[in-house]
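**Student:** predicted model, plus sequence, below.
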Amino acid sequence: MPAPDSTATTTTTTTAAAPATATALAAHENAPLRVAVIVGSVREGRQGPAVTEWFLRAAQTHGGLDMDVIDLAGIDLPLAMPGWGGAPSARAAAALADVTPRLAAADAFVVVTPEYNHSFPAALKNLIDWHHAQWHAKPVGFVSYGGLGGGLRAVEQLRLIFAELHAMTVRDSVSLHGPWSGLGEDGAPRDTAVAEGAVKGMIGQLTWWGRVLRAARTTRPYQG
């Protein structure tokens, strides 16, 4: 049995920690949700930036979001990776110094992706594979475009990959069908009512999961 003074010390420490935890939770609850928006296409003539700009305009109307656009066309991340436990090359280290802290700081992600050959771009998979813990216990939403399927086949494959990385993909996504005819020159969908309704649904789910998981990571860090 511990001495009485030892018991008192334990009780005092526990009591003092409770207000600190409550304060941290309140701060997280009121802070904007940090969302990294990843532009997955690097192809010349791509529509990804225009689609992303439209999405940002539609999403910002919901408020409470701090958007950080990560355009993979501007990140010189090589395909060659070091062996297990090895150090990245100088070129890779420079690219990672820019993008990795931004992924780590994000509370949630939105991936803007086209559909190439029933799948998604290699540059996007490369970014995903260079990281691991940065995805853990965070929600992922999707904005896809391409052909009659609206990029949905790319999204379904990405769901499997993010599940392996301990991320939580939200059910609803934004899919833009026939981008060559369904989008205007500014990248905005011609059928704005349907597309903006899809953004509202996806952002609502992303925000709920983002805030809940952020609070959970604060009180009980994810162990994987």
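**Tutor:** Great, that's in hand.

**Student:** does Gly71 touch Ser41 like I think?
**Tutor:** For the record, residue 71 is Asp, not Gly. No: at 9.3 Å, Asp71 does not count as touching Ser41 under the criterion of C-beta atoms under 8 Å. The C-beta positions use only the backbone N, C-alpha and C, and glycine is treated the same way.

**Student:** compare those two and say which is more crowded by neighbours.
**Tutor:** Ser41 (25 against 17; other C-beta atoms under 10 Å).

**Student:** returning to what we had before: give the residues shared as contacts by Asp71 and Ser41.
**Tutor:** Shared contacts of Asp71 and Ser41, defined by C-beta atoms under 8 Å, 6 or more residues apart in numbering, are found at Gly48.

**Student:** gap between Ile75 and Ala195?
**Tutor:** 27 Å (C-beta to C-beta, to the nearest Å).

**Student:** neighbour count: those two, which is higher?
**Tutor:** Ala195 (22 against 19).

**Student:** how far away is that one from Gln60?
**Tutor:** For Ala195, the distance to Gln60 - C-beta to C-beta - is 15 Å.

**Student:** same question for Asp172.
**Tutor:** Using C-beta to C-beta, Asp172 is found at 18 Å from Gln60.

**Student:** which of the two has more residues huddled nearby?
**Tutor:** Set Asp172 next to Gln60 and count neighbours by other C-beta under 10 Å: Asp172 wins out with 16 against 12.

**Student:** residue contacts, that one?
**Tutor:** By C-beta under 8 Å, 6+ apart, the residues touching Asp172 are Gly141, Ala198, Gly201, Met202, Gln205.

**Student:** in what helix or strand does the second one lie?
**Tutor:** The secondary structure element spanning Ala198 is helix 192-219 (assigned by DSSP states H and E).
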